[in-house]
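Chemist: The sequence isn't on hand, but the structure is:
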């Protein structure tokens, strides 16, 4: 997946330590930003998930909403 048009990165922990409420997180992210591909993309890994945003404003809004799970 090409991350070039999405330069603003947020990495969240979803492993054993601070388990995020993923069903709520994804539902609210889609409500705020729409489906992945337009304003953001998300890449899941074993213990983290990385969100990449097109604008710094979207990145900031996401960070403010989910900062307790940020690395």
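Modeler: Alright, I've got the coordinates. The structure displayed is predicted, hence computed values, not measured ones.
Chemist: Could you give the number of residues near residue 3?
Modeler: If you count neighbours by other C-beta atoms under 10 Å, residue 3 ends up with 11. (C-beta placed from N, C-alpha, C; glycine too.)
Chemist: now it, nearest residue through space, not along the chain?
Modeler: residue 52 (5.3 Å; C-beta to C-beta, 6 or more residues apart in numbering).
Chemist: quick one, what contacts the one you found?
Modeler: 3, 6-10, 40-43 (C-beta atoms under 8 Å, 6 or more residues apart in numbering).
Chemist: Quick check: beta-bridge partners of the one residue sitting closest to the centre of the chain?
Modeler: With distances taken as C-alpha atoms, centre = their mean, residue 51 lies nearest the centre of the chain, 3.4 Å away. Note on residue 51: beta-bridge partners residue 10, residue 42, judged by DSSP bridges.
Chemist: Looks like it contacts residue 25 (just checking).
Modeler: No: under the criterion of C-beta atoms under 8 Å, residue 51 makes no contact with residue 25, lying 10.1 Å away.
Chemist: Looking at residue 29 now. What's its pLDDT?
Modeler: What the model reports as pLDDT for residue 29 is 92.
Chemist: can you check residue 4 too?
Modeler: Model confidence at residue 4 (pLDDT) stands at 84.
Chemist: what's the spacing between it and residue 63?
Modeler: According to C-beta to C-beta, to the nearest Å, residue 4 stands 21 Å off from residue 63.
Chemist: from the chain's centre, how far out does the lowest-mean-pLDDT helix or strand in the chain sit?
Modeler: Across the helices and strands of the chain, mean pLDDT, DSSP states H and E gives its lowest value to helix 22-33, namely a mean of 87. Offset of helix 22-33 from its chain centre (C-alpha atoms, centre = their mean, to the nearest Å): 9 Å.
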